[in-house]
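Participant: okay, structure incoming, though there's no sequence with it:
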């Protein structure tokens, strides 16, 4: 009797593992959410606009944030970097 219960538990564990693999494969092949691409490109464009705005206004206004000064360049590149770090997951 004890051997029969072990076989049943092994079989159910194998079924559970097979189901888990199926779910992982389905998740791997699933498309991105609708918001993914706009957010990715939005970060890239926001960083570009941030840097361009800083260079255009650096002589008199120093926009977007005057208190940051030259660090505005790093903020802009940070936004661009976040966008580029999202690209490996783009399907």
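Facilitator: Received, thanks. As the structure is a computational prediction, the values presented were derived from the model and not from experiment. Numbering: from 1, shown residues only.
Participant: which residues in the chain form strands?
Facilitator: Using DSSP state E, no strands are assigned anywhere in the chain.
Participant: domains in it, by residue range?
Facilitator: The chain is divided into the following domains under automatic domain parsing: 1-30, 31-91.
Participant: highest average neighbour count across those?
Facilitator: Mean neighbour count (mean count of other CB atoms under 10 Å) peaks for domain 31-91 among the domains of the chain, with a mean of 13. C-betas here are computed from N, CA, C, even on glycine.
Participant: got the contact list for stretch 48-67?
Facilitator: Applying CB atoms under 8 Å, 6 or more residues apart in numbering, the external contacts of stretch 48-67 come out as 69, 72-73, 75-77, 79-80.
Participant: try 6 Å
Facilitator: 72, 76 (CB atoms under 6 Å, 6 or more residues apart in numbering).
Participant: check the offset of it from the chain's centre.
Facilitator: From the chain centre to the centre of stretch 48-67 is a distance of 27 Å (CA atoms, centre = their mean, to the nearest Å).
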